[in-house]
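Q: Quick one, fold the following:
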Amino acid sequence: MSGIIVGVDGSGHSHRALEWAMNEAAIRRAPLTVITVINYPGDHAGAERARQAAAEAVEKARAGLGDTSPAQVIIQLASGLPAEEILNAARDTDLIVVGARGAGGFARLLLGSVSSHLVHHAPCPVVVIPAEDRG
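A: Model (predicted):
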């Protein structure tokens with residue numbers, strides 16, 4: 001397997017997707033790429049905050065896995081439209097993982113615009129991690 005990519009935007013949904021992707025990468029012994037996308041290419045301070053938030057999310061998810069952890073985790077930062085940047089990064093990827101909804105709002109939607117776009121245009125399987133059932 002050439003790898004798994006997971007989109008992370010700081011939302012609770014993306015944290016659940018990251019946890020699932022890290023576990024799956026560990027089981028498959030596949031490299032994991034964690035991608036976070038910012039909207040403004042010249043925002044260096046925002047980019048650094050996004051990179052740091054992604055690194056902290058990875059460490060938190062790794063701590064929750066115990067002894068099971070992916071051998072390699074790469075954090076990648078991109079600027080542009082999230083769905084397009086994830087697709088660009090996933091050209092040689094075997095699996096894309098995203099949360100059902102991200103930080104973009106519209107909480108009433110069951111499937112967010114990014115996950116919907118990926119499901120319809122990805123060159124590989126896409127796993128969409130649903131919202132937590134609050135019962």
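Q: Please look at Tyr95 and Cys124 and confirm they touch.
A: That one is not Tyr; residue 95 is Leu. Yes. The pair Leu95 / Cys124 is scored as a contact, 6.0 Å apart, by C-beta atoms under 8 Å. For every residue, glycine as well, the C-beta is placed using N, CA and C.
Q: Settle it for me: which of these two has more neighbours?
A: The residue with more neighbours, out of Leu95 and Cys124, is Leu95; 22 against 16, by other C-beta atoms under 10 Å.
Q: what's near enough to touch that one?
A: Residues near Leu95 by C-beta atoms under 8 Å, 6 or more residues apart in numbering: 1, 3-5, 24, 124-127.
Q: Quick check on those: which are buried?
A: Those of these that meet the buried threshold are 3-5, 24, 124, 126-127, by 16 or more other C-beta atoms under 10 Å.
Q: In helices, which of these fall?
A: Those of those mapping onto helices are Glu24, per DSSP state H.
Q: and which of the buried ones among the contacts of Leu95 is nearest Ser116?
A: Closest approach to Ser116 among the buried ones among the contacts of Leu95 (C-beta to C-beta): Val126, at 9.9 Å.
Q: So which of the buried ones among the contacts of Leu95 is the closest to Ser115?
A: Taking C-beta to C-beta as the measure, Val126 is the one of these closest to Ser115, at 7.4 Å.
Q: how many neighbours does the closest residue to Gly99 other than its chain neighbours have?
A: Leaving aside its chain neighbours, Gly99 sits nearest to His13 (2.8 Å; criterion: C-beta to C-beta, 6 or more residues apart in numbering). A total of 24 residues lie near His13 under the criterion other C-beta under 10 Å.
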